[in-house]
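>>> Quick one: sequence and predicted model below, then my questions.
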Amino acid sequence: MNTTAKKIKYPTTVEDTDQMGKRYDIIQCPTCGLKQKAEILLTSPYETYLHECKGCEYIIEEDEWNSVVTI
């Protein structure tokens, strides 16, 4: 019997989780007000909050990061 196929021990697809070094937040742009999904990079020793607005291309930094809760 030919057993050339290998068993896969791990899933072939991986979701974006804290284990991959990033997570997401919903933020509002301070210039145009667009609400959008932004990526937070889990860097050491602090997380990196840096995002380019998809509406007006404004660079949103940590001090301008406005998290919003959508209902």
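That came through fine. For clarity, every value in this text was computed on a predicted model and none was experimentally measured.
>>> just the helices in this protein please.
With DSSP state H as the criterion, the chain has no helices.
>>> which intervals of it have sub-threshold pLDDT?
Applying pLDDT under 70 to the chain picks out residues 1-20, 70-71.
>>> Run a quick neighbour tally on I60.
A total of 20 residues lie near I60 under the criterion other CB atoms under 10 Å. The way it works is simple: take the backbone N, C-alpha and C, and place the C-beta from them, glycine included.
>>> Same check on Y58?
Residues lying near Y58 (other CB under 10 Å) number 16.
>>> ok, now which ones touch it?
C29, P30, T31, C32, E52 (CB atoms under 8 Å, 6 or more residues apart in numbering).
>>> will you turn those into CSV that also has neighbour count?
Below are the contacts of Y58 laid out as CSV (neighbours: other CB atoms under 10 Å):
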residue, neighbour count
C29, 21
P30, 14
T31, 12
C32, 12
E52, 12
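>>> farthest-separated two in these?
P30 and E52 (13.0 Å; CB to CB).
>>> about what we covered before: closest to D63 among the contacts of Y58?
For these, the nearest to D63 is P30 (9.8 Å; CB to CB).
>>> surely that closest one meets V68?
No. Judged on CB atoms under 8 Å, P30 makes no contact with V68 at a distance of 11.7 Å.
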